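*Asks:* This is the structure alone, sequence omitted:
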């Protein structure tokens, strides 16, 4: 869930009980105020009645208990009752002509005296309709809630999005950041301190890792480069030594071992140089490479080795796979995968290569069980008992695949399967 | 045959010189651009081994100089860089071959001989050794006038061993020459043995013999 929606969701959840509690409190406070003002009005009317009765005593004599003619009624009472009388306000229902329904009214009962006569005075006034009030209030509250949530969403999506812009721009760049390609990220200037700290820290971090990446790359390249000459000198010296001297079998074997190891070192070195070159984008020429015919060519180069291991290649192609890339790198890619299948394949079994319009796949029966894909393509991953491989073959294949956006994938289904998926085959 | 080696690494130079002199070439060795330039201007050579990474200049400039002087030396570029661009530019400028360091001595001899053969016999001379006669152009091999059939690999092995006759050729050098660089990590080079065995069978009547030198490689001897 996105940060913006996350805060919006919490606000919406929090607002619901808050507004409900507020609505209840508001309702009672308002009702209280309404009663208060109604009661004040009734009391005022009583005083007016008393004043009027002094001028026009006839109003004291009317008999209108149902309040058909007036909103007031006087009833004569005795002195004793008058003395014990307590003023009261109460609610009751009365039939309203306009509403054609019983509606609540407020009745005020009080006792008054004129000379020696005692009267009970009743005054009524129309009350607020509580059910209507509750209904109206509920509708307005719900509307308020919706408006609030909507404005929060709007606020988040417009205002907060703007405020968080540096943050989103940063994570967008970080997501697409590749240390082999990018050297830095661009951060937009911001007034928000946290973002400024974040920007600066990320910037520093990236510069540091890029620097060490470049340094490491250069180191590998320089080191392997500088190693070539001394390796050459050593190998040639030993070759000359072999020519010049008559040696015993043991001496020959020793020198052969040294030469063999120097050879390994040379191959390792060459592979490292090749990796550096691929990563440094030193193979720039691109052309349409026909993988079907390239596969055939490379396989024929390996026939001797396959025959030696009593292995066979079967190529089945159900489409022509043509991809635009550097031809040398295409050769390196296929060679490494084919060689890998051959070297790790079981004797007397076959290696299958399947080619379709956008997929190249090689499978072989291996000595080992499932291999961990995560470490498979890393440098110097050497399988158990083999000590003659450089451990760089698959790393090189991966580097080539990465360069051209080819998806290289390993899976195990009884057979070890390496597949290349070509994204946009023209 | 006169060979000029231009190489700034003294020990490398020494090795190459020693090995080539044993083949009875007249070898001149220089280790910097200036001296090399002087030599080229004054003397003629049959083959020039040119290191392009010289301390006081780019070897490719020397190559241009040579071509400007209208010299016909065969030029083999020797480089530790193994860069495709250098290789292409070198060949474009008229170099005959490109050898990347580190290399095997056997490979150096093969390249030098190939250049010399192309220069002086235009590749059209038969190679005679013992009672074996080879036509490099048509790749036909005859033993005492009877033609034998060699496949591509067997032919390459035979030629390489003949080029380096009486010299011990290591298995690695042989494999790299015949099967190319990418054969490198194959489980040892045992599989070469079966090829050699086949070749030996076909050369039964020849007066040359491929001798296996224990654990190291092979040597071609004339009986």
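*Replies:* Looks like it arrived, so ask away. These figures come from a predicted structure and were not determined experimentally.

*Asks:* tell me what the longest helix anywhere in chain B is packed against?
*Replies:* As assigned by DSSP state H, the longest helix anywhere in chain B is helix B:105-121. Secondary-structure packing of helix B:105-121 (3 or more C-beta pairs under 8 Å, 6 or more residues apart in numbering or on different chains; DSSP states H and E): helix A:193-244, helix B:10-22, strand B:47-51, strand B:74-79, strand B:97-100, helix B:152-163, helix B:171-179. In this view, the C-beta of every residue, glycine as well, is placed from N, C-alpha and C.

*Asks:* which element follows it toward the C-terminus?
*Replies:* Downstream of helix B:105-121, the first helix or strand assigned by DSSP states H and E is strand B:127-129.

*Asks:* How far does that following strand sit from its chain's centre?
*Replies:* Relative to the centre of its chain, strand B:127-129 is centred 17 Å away, using C-alpha atoms, centre = their mean, to the nearest Å.

*Asks:* Would you point out the helix or strand in chain B whose mean pLDDT is lowest?
*Replies:* Ranked by mean pLDDT, DSSP states H and E, the helix or strand of chain B with the weakest confidence is helix B:84-92, at a mean of 81.

*Asks:* For residue A:327, which non-adjacent residue is spatially closest?
*Replies:* Spatially, and ignoring its direct neighbours in sequence, residue A:327 is nearest to residue A:289 (5.4 Å; C-beta to C-beta, 6 or more residues apart in numbering or on different chains).

*Asks:* Can you report how many residues lie near that neighbour?
*Replies:* Residue A:289: 21 surrounding residues under other C-beta atoms under 10 Å in any protein chain shown.

*Asks:* Now that it has come up, it's in contact with residue A:324, right?
*Replies:* Yes - using C-beta atoms under 8 Å, residue A:289 is in contact with residue A:324, at 7.3 Å.

*Asks:* buried stuff in stretch A:63-82?
*Replies:* Buried residues in stretch A:63-82, counted by 16 or more other C-beta atoms under 10 Å in any protein chain shown: A:72-74, A:77.

*Asks:* quick one: which of those sit in strands?
*Replies:* Those of the buried residues of stretch A:63-82 mapping onto strands are A:72-74, A:77, per DSSP state E.

*Asks:* on that earlier part again, could the helices and strands packed on helix B:105-121 go into TSV alongside mean neighbour count and mean pLDDT?
*Replies:* What follows is the helices and strands packed on helix B:105-121, written out as TSV (neighbours: other C-beta atoms under 10 Å in any protein chain shown; pLDDT from 0 to 100):
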stretch	mean neighbour count	mean pLDDT
helix A:193-244	16	87
helix B:10-22	19	92
strand B:47-51	26	92
strand B:74-79	24	90
strand B:97-100	19	90
helix B:152-163	20	89
helix B:171-179	23	84
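
*Asks:* how does the chain divide into domains?
*Replies:* If you meant another chain, say so; for now it's chain A. The record's domain split for chain A, according to automatic domain parsing, is A:3-151, A:194-279, A:287-421.

*Asks:* I was after chain B.
*Replies:* Taken from automatic domain parsing, chain B resolves into B:2-121, B:127-222.

*Asks:* Which residue of the chain lies farthest from its centroid?
*Replies:* Answering for chain A, as no chain was given. Each residue of chain A has a distance to the centre, and by C-alpha atoms, centre = their mean the biggest one is for residue A:116: 88.3 Å.

*Asks:* Actually, chain B is the one I wanted.
*Replies:* For chain B, the residue at maximal distance from the C-alpha centroid (C-alpha atoms, centre = their mean) is residue B:146, at 28.2 Å.

*Asks:* Which stretches in the stretch 251-400 of chain A count as helices?
*Replies:* Assigned by DSSP state H, counting those that start in this stretch, the helices in the stretch 251-400 of chain A fall at A:291-301, A:303-308, A:327-344, A:373-376, A:393-403.

*Asks:* tell me, which of these is the model least confident about?
*Replies:* For the helices of the stretch 251-400 of chain A, mean pLDDT drops lowest on helix A:373-376, to a mean of 72.

*Asks:* counting contacts, what elements does that one pack onto?
*Replies:* On a contact count with 3+ C-beta pairs under 8 Å, 6+ apart, helix A:373-376 meets strand A:407-412.

*Asks:* what sits up against the next helix or strand after the strand it packs on?
*Replies:* Proceeding N to C from strand A:407-412, the next assigned helix or strand is strand A:416-421, under DSSP H and E. The contact list for strand A:416-421 (C-beta atoms under 8 Å, 6 or more residues apart in numbering or on different chains) reads A:333, A:337, A:340-341, A:344, A:358-366, A:368, A:371, A:401, A:406-411.

*Asks:* try it again with 7 Å
*Replies:* A:337, A:358-364, A:366, A:401, A:406-411 (C-beta atoms under 7 Å, 6 or more residues apart in numbering or on different chains).

*Asks:* tell me the SS of the nearest residue to residue A:88 once chain neighbours are set aside?
*Replies:* For residue A:88, ignoring the flanking residues on the chain, the nearest one in space by C-beta to C-beta, 6+ apart is residue A:109 at 5.0 Å. For residue A:109, the secondary-structure state derived from DSSP: H, G, I helix; E, B strand; the rest coil is strand.

*Asks:* For residue A:109, list each beta-bridge partner.
*Replies:* Applying DSSP bridges to residue A:109 gives these bridge partners: residue A:88, residue A:122.

*Asks:* Name all residues that make contact with it.
*Replies:* Residues near residue A:109 by C-beta under 7 Å, 6+ apart: A:87-88, A:120, A:122.

*Asks:* returning to that earlier point: which among the contacts of strand A:416-421 gets closest to residue A:93?
*Replies:* Distance to residue A:93, by C-beta to C-beta, is smallest for residue A:407 among the contacts of strand A:416-421, at 80.3 Å.

*Asks:* give me the beta-bridge partners of the closest one?
*Replies:* On the basis of DSSP bridges, residue A:407 is bridged to residue A:421.

*Asks:* Can you report how many residues lie near it?
*Replies:* 12.

*Asks:* Next: residue A:263.
*Replies:* For residue A:263, using other C-beta under 10 Å, the count is 23.
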